[in-house]
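**Student:** Turn this into a model:
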Amino acid sequence: MDELMRGRVYGADHDDPDPGPQPGHVYRELVGGPLDGLLLDVTDWPAAHLAEGAALPTELGSFGPGGRAAYGPRAGDPRRWDWTGDVR
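**Tutor:** Just a heads-up that it's a prediction; the model follows:
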C-alpha cells in the first residue's frame, strides 16, 4: 500500500486515474506519520498558513475517524512538512 500512496496528492480519490501532482500547482511533501509520502496541494495558500502547517483529517492516525495528523514545515527545507503528532 505504501507504494500506491507515494506521489499521490492528499485528498485525491482512490479511483482517480491520475492522483499525482498537476502542472501549475504547488505542493509540500508530508514526511512521517500516517500521511507519509503524500503531497499536499498548497496552491494559493497565504504565507502565514504555509508557515504554520496544517492539521489534516485522516482515518489513519491514532484517533481513527475524526482524527487529524498535524504537519509543519521542516526547518531549512520548508518544501517538506514533518509530522508533529495526531490530534482530535
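**Student:** in the longest strand along the chain, what's buried?
**Tutor:** Selection of the longest strand in the chain by residue count, based on DSSP state E, yields strand 77-87. Across strand 77-87, burial judged by 16 or more other CB atoms under 10 Å covers Trp81, Asp82, Trp83, Asp86. In short, each C-beta sits where N, CA and C put it, glycine included.
**Student:** The third one reaches Leu38, doesn't it?
**Tutor:** No - Trp83 sits out of contact with Leu38 when judged by CB atoms under 8 Å, with a separation of 11.0 Å.
**Student:** what is in contact with these two at once?
**Tutor:** Leu30 (CB atoms under 8 Å, 6 or more residues apart in numbering).
**Student:** In this protein, what residue spans correspond to helices?
**Tutor:** 2-5, 47-52 (DSSP state H).
**Student:** lowest-confidence stretch among these?
**Tutor:** Mean pLDDT across those is lowest at helix 2-5; the value there is a mean of 42.
**Student:** and Arg74, what are its bridge partners?
**Tutor:** Asp77 (DSSP bridges).
**Student:** Just give the nearest non-adjacent residue to Leu35, would you?
**Tutor:** Ala69 (5.3 Å; CB to CB, 6 or more residues apart in numbering).
**Student:** swap that for Tyr27, sorry
**Tutor:** That would be Leu39: by CB to CB, 6+ apart, it lies 4.2 Å from Tyr27.
**Student:** So the one you found versus Thr58, what's the distance?
**Tutor:** 14 Å (CB to CB, to the nearest Å).
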